[in-house]
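Trainee: Following is a predicted model, sequence given first.
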Amino acid sequence: MPSRNIIEIENLHKSYSGFKALNNIHLSIEKSKIFGLLGPNGAGKTTLIRIINQILTPDVGTVKFDGEILSRKHIHHIGYLPEERGLYKKMKVGEQAIYLAQLKGLSKKEAKEKLNYWFEKLGATNWWNKKIEDLSKGMAQKVQFITTVLHDPKVLILDEPLSGLDPVNSLMIKNEILELKKRKTSIILSTHDMNSVEEICDEAAIINHSEKIMQGGIQELKEKYQENSWTIKYRGNQMSFTNAVWGGWEIVTHKKINENTNKAEIRLLNQFTINQFIKGIVDHVEIVDINLKTPTIQEVFIKATTNE
């Protein structure tokens, strides 16, 4: 039976001169999904990526690629965009792109056809004879993205792919990542851009101090840190609202929206319920809107990695 996971990692350990870079990592990445690999600097993400790319070997543990033990034959099925960009500055864009494509097993003819397609798609048709050193950081980033996806890899590993891009080009690359997912590419996104994780990832894992501390769907991760906090919009006097909020609730924030309307975030304490809160204020102010406050992925990340 075919594996539902493109990458499966079990009991992975890696140390450098006594420093433990990865400790007992268990990780599964489902096929045709966008998987966020998150963690503070130095947490072990880069080491894990290098092991998947076979740049490093683990001390202990196994990595499976589409149900098979990871081996050299899988290299051509992986596309890797490293955070440290590796383009040769003196080479022309077209020459370098063809060279990198041939390293991934494409013929010169195939490479030219695919490059023409991608250059046109990403607005780079006039860059063919430019030298890399003459490109802006964002332009060079787009070239490297193209060379990473050119050979149609099964797995795409993107390390900070939006770094250096303006909002327009950032949106363009995000849309291309989503399009690649539709074409059944499995994508690992390593980034500190939590907004992008929230926008495009299906699932994520957080690594901290060399260990995986949590993994799950984006909504599932948020629910783990769901607090009994609510945002309420109301019409009426702020003093009346404040007086109505007694010992069972805490006002976290409060701001005036306009002359008649206010917005507050409240946190319910102990065993108190939102129904009790509503009963306590309904005779004093007019409730316009009330919603359970859901934490962002950035808030989840901060709490998970700082134990707040």
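Mentor: Looks like it came in fine.
Trainee: Please name every helix or strand in contact with the helix-or-strand element of the chain with minimal mean pLDDT.
Mentor: Here the helix or strand of the chain ranked lowest by mean pLDDT, DSSP states H and E is helix 238-244, holding a mean of 84. With contacts taken as 3 or more CB pairs under 8 Å, 6 or more residues apart in numbering; DSSP states H and E, helix 238-244 sits against strand 249-256, strand 261-268, helix 274-281. Every C-beta, even on glycine, is put in place using the N, C-alpha and C of the backbone.
Trainee: Contacts for the last one, please.
Mentor: Okay, so that is helix 274-281. Helix 274-281 is contacted from outside by 228, 230, 234, 241, 244-246, 248-249, 266, 268, 287, 290, 292, using CB atoms under 8 Å, 6 or more residues apart in numbering.
Trainee: Quick one: distance of it to the chain centre.
Mentor: Between the centre of helix 274-281 and the centre of its chain there are 38 Å (CA atoms, centre = their mean, to the nearest Å).
Trainee: Helices of the stretch 101-250 of the chain, start to end?
Mentor: Along the stretch 101-250 of the chain, the stretches classed as helices by DSSP state H, counting those that start in this stretch are 108-121, 137-149, 167-182, 194-200, 218-224, 238-244.
Trainee: Point out the most buried one among those helices.
Mentor: By mean neighbour count, with neighbours taken as mean count of other CB atoms under 10 Å, helix 137-149 ranks first of the helices of the stretch 101-250 of the chain at a mean of 20.
Trainee: I'd like to know the average pLDDT value across it.
Mentor: Averaged over helix 137-149, pLDDT sits at 89.
Trainee: Check which helices and strands that helix sits against.
Mentor: strand 78-81, helix 93-103, helix 108-121, strand 155-159, helix 167-182.
Trainee: Which one of these lies nearest to R4?
Mentor: strand 155-159 (14.5 Å; CB to CB).
Trainee: May I have that closest one as PDB, with CA atoms only?
Mentor: These are the backbone C-alpha positions of strand 155-159, laid out as PDB (Å, rounded to 0.1, in the frame of the first residue of the first chain):
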ATOM      1  CA  VAL A 155       9.500  17.600  -2.600                       C
ATOM      2  CA  LEU A 156      10.300  21.300  -2.500                       C
ATOM      3  CA  ILE A 157      12.200  22.600   0.500                       C
ATOM      4  CA  LEU A 158      12.000  26.400   0.700                       C
ATOM      5  CA  ASP A 159      14.100  28.200   3.400                       C
END
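Trainee: now what about it, what contacts it?
Mentor: Contacts for strand 155-159 (CB under 8 Å, 6+ apart): 6-7, 46, 49, 52-53, 65, 77-83, 148-149, 177, 180, 185-191.
Trainee: Stretch 93-108 too?
Mentor: 76, 79, 87-88, 91, 110-112, 114-115, 124, 127-132, 135, 143, 146-147, 150-151.
Trainee: For the helices of the stretch 101-250 of the chain, give me CSV that also has distance to I278.
Mentor: Formatted as CSV, the helices of the stretch 101-250 of the chain follow (distance: least, CB to CB, whole Å):
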stretch, distance to I278
helix 108-121, 52
helix 137-149, 50
helix 167-182, 40
helix 194-200, 30
helix 218-224, 23
helix 238-244, 10
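Trainee: Let me have the helices and strands packed on helix 238-244 in TSV, extended by distance to V60, mean neighbour count and mean pLDDT.
Mentor: What follows is the helices and strands packed on helix 238-244, written out as TSV (distance: least, CB to CB, whole Å; neighbours: other CB atoms under 10 Å; pLDDT from 0 to 100):
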stretch	distance to V60	mean neighbour count	mean pLDDT
strand 249-256	46	13	89
strand 261-268	44	17	91
helix 274-281	49	15	86
